[in-house]
Each structure stands twice: as C-alpha cells, then as structure tokens.
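K.L.:
what's the 3D shape of this:
(one chain, ligands or ions: 2)
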Amino acid sequence: MNMPLKTETLDTVSSTTCQPRQEAKLPTANELRQQFPAGEPLTRAIAGYREQIRNVLKGEDPRTLIVIGPCSIHDEQAALDYGTKLKALADEVSDRFLIVMRAYLEKPRTTVGWKGLLYDPARTGAGDLNQGLVRSRKLLLALSELGLPLATEALSPFMMDYLGDLVSWTAIGARTTESQIHRELVSGLPMPTGFKNGTDGGVAVAINAMKSAAHSHHHMGISHSGAPAMITTAGNPDTHLVLRGGRGVTNYDETSIARAVKELQSAGVSASVMVDCSHDNACKQAERQVEIAHEVMAQKRNGNAHIKGLMLESFLAFGRQDDGEDLIYGCSITDPCLGWEQTEALIRSL
Ligand SMILES: O=C[C@H](O)[C@H](O)COP(=O)(O)O
Ligand SMILES: C=C(OP(=O)(O)O)C(=O)O
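P.N.:
Residues are numbered from 1 along each chain as shown. Ligands and ions are numbered 1, 2, ... in the order given. Purely as a prediction, here's the structure:
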C-alpha cells in the first residue's frame with residue numbers, strides 16, 4: 001500500500017540524514033487532553049478501576065478479570081453500541097467478573113495492513129494521525145462515560161501520553177514484548193499491564209519484559225508539552241503474563257499454564273496469568289474461544305489460583321470481513337470475533 005505523504009511540511013531533512021520524508025504537525029499531548037479533558041469524576045473512576053484490576057491480579061479480589069471487545073475499532077458508533085450492551089452485562093455479573101472493554105486503536109501488523117483508527121481513521125491508506133488522535137480520544141471519552149473500564153494495546157511509544165489517562169489496563173502485544181522501547185514505556189505507565197508471550201509461544205520474553213518494566217529507566221521521548229526530553233520512569237510493579245499461544249501451538253491447557261507459572265515463580269515476578277482465548281490459542285477461529293474460556297475457568301474452579309483473567313475478542317456480529325463497501329455493521333475487519341449473542345451466553349455460562 002503506498003501512503004501519500006502529508007502536504008504540511010514542517011522540515012526538510014537532508015538525504016544524508018534519512019530517506020526523503022515529510023513531517024506533519026500534531027497537537028502535543030497536553031493540547032489534545034486540554035481540548036477533550038477527562039474531568040475529575042471520570043479520572044477518579046478510572047483510578048478506581050485500575051485499583052480493582054490490581055486487586056484482582058494480586059488475589060485480593062476473588063473475581064475474574066475479563067478483557068473483552070473487538071479486535072479493532074473501525075466504526076465508533078458500533079463500538080458505542082457494543083459498549084452499551086457490555087456495560088449492562090458487566091453490571092449483571094459484577095459479583096463474579098470484572099469486565100474491561102477492549103478499545104484497541106492501534107493494530108500491530110505482521111507485515112502491512114490497516115493499523116487502526118489512530119493512524120488511518122478513514123481507512124483510505126492516506127493516514128491522518130491528526131484526525132485519528134481526535135477521534136480516538138473522543139471515542140475513549142464516550143466509552144468511559146458509559147461507565148466501562150477500558151483496555152488498549154500500547155504500540156506507539158507516544159500514544160499513551162495522549163490517551164492513557166482514559167485507559168485502565170494495557171497490553172503489550174506479542175510482536176513488541178521483546179522491545180526495549182515498550183518495556184521502557186510500561187515502566188512509566190500508571191496502570192496494570194499484561195505482556196503477551198512472543199509470537200513463537202515463548203514466555204521468556206514476557207518474563208524478561210516484566211523484570212525490565214519493574215525498573216526505573218531513562219529514555220528518549222517527547223514531553224507532554226511537545227519538546228524532546230529525557231524521560232525518567234519510576235518502574236511499574238503491576239505487570240503480568242498473558243498466554244496467547246504461538247506458531248500454531250496453544251498454551252491454555254493445564255500443563256502449559258503450570259509450566260509458565262513455574263517460570264514466573266523462578267524468575268521472581270508475579271505468577272498471575274491471563275489467558276487470551278483468541279489469537280494463536282484459538283488458531284484464529286473465533287468460536288473456539290468459547291470452549292477455551294470454559295476450559296480455563298474449569299482449571300480456576302479446580303484450584304488454580306494463578307489464573308486471574310481471560311481475554312476474549314468479541315463484537316456485535318460474528319466473524320470478520322474484508323474492508324470495503326457494504327460492510328456488515330459491528331463486524332471486525334481484522335481478526336474474527338464472537339458475535340454479541342454468543343458473548344452474552346458465554347459470560348453468563350461462565
Ligand atoms: O490481533 C490482531 C492481529 O492478529 C494482529 O494485528 C496481526 O495481524 P496480521 O497478521 O493480520 O497483520
Ligand atoms: C494483536 C493482538 O494480540 P497479539 O499481540 O497476541 O497478536 C491483540 O490482542 O489485538
């Protein structure tokens with residue numbers, strides 16, 4: 001896909017410095033947050049959600065954390081319709097489950113493809129991060145106003161400065177768990193964060209990531225007011241492993257989870273585990289999430305106290321579709337998802 005370059009040039013960079021490129025101005029994180037502020041009651045509510053998630057992960061709250069929602073959001077109205085249904089369901093089961101909605105605005109791609117609402121909200125391939133930032137922030141505010149805690153994947157090292165105040169749980173994906181930049185990023189995040197195992201199924205990269213993110217780091221970055229800065233982070237003590245399978249091998253069964261827990265314990269990091277019922281665990285077959293969720297919850301009921309959470313990919317309509325004209329409303333354009341009826345039945349049956 002050829003990306004037309006933006007016309008608003010900020011700087012001309014010598015070709016001895018980098019390949020020819022254009023640079024378009026973006027708002028600073030402070031500017032965007034001031035334009036669309038979270039407000040005091042919402043900020044307090046989000047601090048409360050983060051604390052509840054921490055308590056579940058530490059075993060101080062017996063509920064199961066469920067991070068659930070679309071693989072990606074391409075249509076804000078469908079996300080809001082989904083969020084409204086999810087909020088009603090979350091309230092109904094809140095004595096047993098702490099439900100957090102996936103509001104994923106950035107997609108890591110194996111090679112190339114649509115990278116999410118943040119990068120290319122019109123999905124033309126032209127990219128428009130100015131619009132993407134505004135639409136993403138407005139969407140997260142609207143979803144938060146429904147009373148739902150939100151989860152996202154942190155991919156760009158700068159995105160969380162713009163949107164992170166609205167997020168209660170963060171994922172670092174399988175493709176970036178090994179990246180030092182993402183470990184530094186997590187080290188400065190104020191919310192619990194799950195590191196996925198690597199795309200090859202290996203958990204060692206996630207364990208190393210947890211150790212690294214617990215530490216203070218100094219790294220290059222951009223201040224909230226838009227200046228180049230050396231950022232010094234405090235270290236994030238609230239990280240955990242997310243098992244998502246890899247290279248066609250699943251890791252939600254009893255033996256795989258026990259092996260992962262042993263590795264976590266001998267590394268001296270949190271042995272709390274979330275199982276991603278989708279991705280390589282479901283071999284990208286959305287309906288398999290149902291049996292996987294049941295299997296994992298059975299392990300938990302049988303006494304595996306390390307299992308603290310599930311991740312599920314779910315939207316209004318079942319499956320996935322290729323992007324284009326005449327899209328099915330509420331159907332994923334990235335990975336396949338459970339439909340709403342299946343989702344509701346699954347959560348109630350768990
Ligand atoms: O969760 C979504 C996808 O699995 C991930 O973004 C990779 O997608 P791709 O292999 O289609 O690029
Ligand atoms: C991209 C995702 O997952 P993974 O990093 O496990 O592929 C996701 O959860 O959307």
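
K.L.:
and the contacts of stretch 49-68?
P.N.:
86, 94-102, 149, 151, 168-169, 171, 190-192, 194, 238, 240, 270, 272, 274, 297, 300, 305, 307-314, 343, 347, 350 (C-beta atoms under 8 Å, 6 or more residues apart in numbering). The C-beta positions use only the backbone N, C-alpha and C, and glycine is treated the same way.

K.L.:
show me which of these neighbour ligand 2.
P.N.:
Ala171 (C-beta under 6 Å from any ligand atom).

K.L.:
now Leu140, what's its secondary structure?
P.N.:
helix (DSSP: H, G, I helix; E, B strand; the rest coil).

K.L.:
what residues does the stretch 251-350 of the chain have near ligand 1?
P.N.:
Going by C-beta under 6 Å from any ligand atom, the residues of the stretch 251-350 of the chain near ligand 1 are His279, Thr334, Asp335.

K.L.:
so the last one sits in a strand?
P.N.:
In other words, Asp335. No - secondary structure of Asp335 (three-state DSSP): coil, not part of a strand.

K.L.:
quick one, helices of the stretch 251-350 of the chain?
P.N.:
254-267, 288-301, 340-349 (DSSP state H, counting those that start in this stretch).

K.L.:
the stretch 51-200 of the chain now?
P.N.:
Here the stretch 51-200 of the chain has its helices, by DSSP H, counting those that start in this stretch, at 76-92, 129-145, 159-163, 180-187.

K.L.:
what separates the closest residue to ligand 1 within the stretch 201-350 of the chain from ligand 2, distance-wise?
P.N.:
Nearest residue of the stretch 201-350 of the chain to ligand 1 (C-beta to the nearest ligand atom) works out as Asp335 at 4.5 Å. Separation of Asp335 from ligand 2 (C-beta to the nearest ligand atom, to the nearest Å) stands at 7 Å.

K.L.:
just list the residues touching the residue nearest to that residue when sequence neighbours are not counted, thanks.
P.N.:
Nearest non-adjacent residue to Asp335, counting by C-beta to C-beta, 6 or more residues apart in numbering: Cys71, 4.0 Å away. Applying C-beta under 8 Å, 6+ apart to Cys71 gives the contacts Arg102, Tyr104, Lys107, Ser278, Glu313, Phe315, Arg320, Ser332, Thr334, Asp335, Pro336, Cys337.

K.L.:
and stretch 74-91, which residues are buried?
P.N.:
Under the neighbour-count criterion of 16 or more other C-beta atoms under 10 Å, stretch 74-91 has His74, Asp75, Glu76, Ala78, Ala79, Asp81, Tyr82, Gly83, Leu86, Lys87, Leu89, Ala90 buried.

K.L.:
do stretch 142-162 as well
P.N.:
143-144, 148-157, 159-162.

K.L.:
any idea how far the residue of the chain found nearest ligand 2 lies from Thr232?
P.N.:
Residue nearest to ligand 2 within the chain: Gly173 (2.9 Å; C-beta to the nearest ligand atom). Note on Gly173: its distance to Thr232, by C-beta to C-beta, to the nearest Å, is 25 Å.

K.L.:
these two: which has the busier surroundings?
P.N.:
More neighbours surround Gly173 than the other of Gly173 and Thr232, with 23 against 12 (other C-beta atoms under 10 Å).

K.L.:
thinking again about what came up before, make JSON lines from the helices of the stretch 51-200 of the chain and add mean pLDDT and distance to Asp120 to it.
P.N.:
Shown next, in JSON lines, are those (pLDDT from 0 to 100; distance: least, C-beta to C-beta, whole Å):
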{"stretch": "helix 76-92", "mean pLDDT": "98", "distance to Asp120": "14"}
{"stretch": "helix 129-145", "mean pLDDT": "98", "distance to Asp120": "7"}
{"stretch": "helix 159-163", "mean pLDDT": "98", "distance to Asp120": "14"}
{"stretch": "helix 180-187", "mean pLDDT": "98", "distance to Asp120": "21"}
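
K.L.:
Ala24 is nearest to which of those helices?
P.N.:
helix 129-145 (7.4 Å; C-beta to C-beta).

K.L.:
list the buried residues of that closest one.
P.N.:
Here helix 129-145 shows 129-130, 132-137, 139-141, 143-144 as buried, counting by 16+ other C-beta under 10 Å.

K.L.:
swap in stretch 300-312?
P.N.:
Lys300, His306, Ile307, Lys308, Gly309, Leu310, Met311, Leu312.

K.L.:
repeat for stretch 27-44
P.N.:
Residues of stretch 27-44 classed as buried under the neighbour-count rule (16+ other C-beta under 10 Å) are Pro27, Thr28, Ala29, Leu32, Arg33, Phe36, Ala38, Leu42.

K.L.:
need the contact list for Phe36.
P.N.:
Counting by C-beta under 8 Å, 6+ apart, Phe36 has contacts Val134, Arg137, Lys138, Leu141.

K.L.:
pLDDT below threshold where in this protein?
P.N.:
Scanning the chain for pLDDT under 70 picks out the ranges 1-14.

K.L.:
can you show me the strands along it?
P.N.:
Under the criterion DSSP state E, the chain contains strands at 64-69, 97-102, 150-153, 169-172, 193-196, 218-222, 228-232, 239-243, 273-276, 307-313.

K.L.:
can you say which of the ones you listed is packed in most?
P.N.:
Counting by mean count of other C-beta atoms under 10 Å, strand 193-196 has the highest mean neighbour count of the strands of the chain, with a mean of 29.

K.L.:
okay, it in CSV with CA atoms only?
P.N.:
C-alpha atoms of strand 193-196 as CSV (Å, rounded to 0.1, in the frame of the first residue of the first chain):
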residue,chain,number,x,y,z
THR,A,193,-0.2,-4.1,32.1
GLY,A,194,-0.1,-7.5,30.5
PHE,A,195,2.8,-8.7,28.4
LYS,A,196,1.8,-11.3,25.8
